[in-house]
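Colleague: Give me a model of this one.
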Amino acid sequence: MLMPDDADSTRAFLEECRDATEDELMDVRAQVQESLQNLRFRTASGQIDDPKRIRKYRKAIARINTILGERELGINQGR
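Modeller: Coordinates of the predicted model:
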């Protein structure tokens with residue numbers, strides 16, 4: 001499973017998330033949340049070189065949560 005930084009594009013990350021199982025998505029979400037926390041600590045200490053990564057990780061978490069919510073409601077099952 002890709003991390004948001006490893007994907008070629010947002011579309012590639014989304015397609016891989018949509019193809020993943022629920023357990024895989026939860027694992028990726030936990031990894032991204034942990035990485036986001038580390039980025040925030042590094043930002044506070046001035047060690048981060050690209051502050052846009054924080055926004056990218058927050059959006060990735062939101063996208064994963066959206067996919068999980070869609071599956072729970074039975075939306076977009078035809079994709």
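Colleague: From now on I want contacts and neighbour counts done on CA atoms only, so please keep to that.
Modeller: Noted.
Colleague: so where's the protein shaky on pLDDT?
Modeller: Low-confidence segments of the chain, defined by pLDDT under 70: 1, 77-79.
Colleague: quick one, helices of the protein?
Modeller: For the chain, applying DSSP state H gives helices covering 10-19, 22-44, 52-73.
Colleague: now the ones you listed as JSON lines including distance to Pro4 and mean neighbour count?
Modeller: Shown next, in JSON lines, are those (distance: least, CA to CA, whole Å; neighbours: other CA atoms under 10 Å):
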{"stretch": "helix 10-19", "distance to Pro4": "7", "mean neighbour count": "15"}
{"stretch": "helix 22-44", "distance to Pro4": "8", "mean neighbour count": "15"}
{"stretch": "helix 52-73", "distance to Pro4": "6", "mean neighbour count": "15"}
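Colleague: Can I get those in TSV including distance to Met3?
Modeller: Formatted as TSV, the helices of the chain follow (distance: least, CA to CA, whole Å):
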stretch	distance to Met3
helix 10-19	8
helix 22-44	7
helix 52-73	9
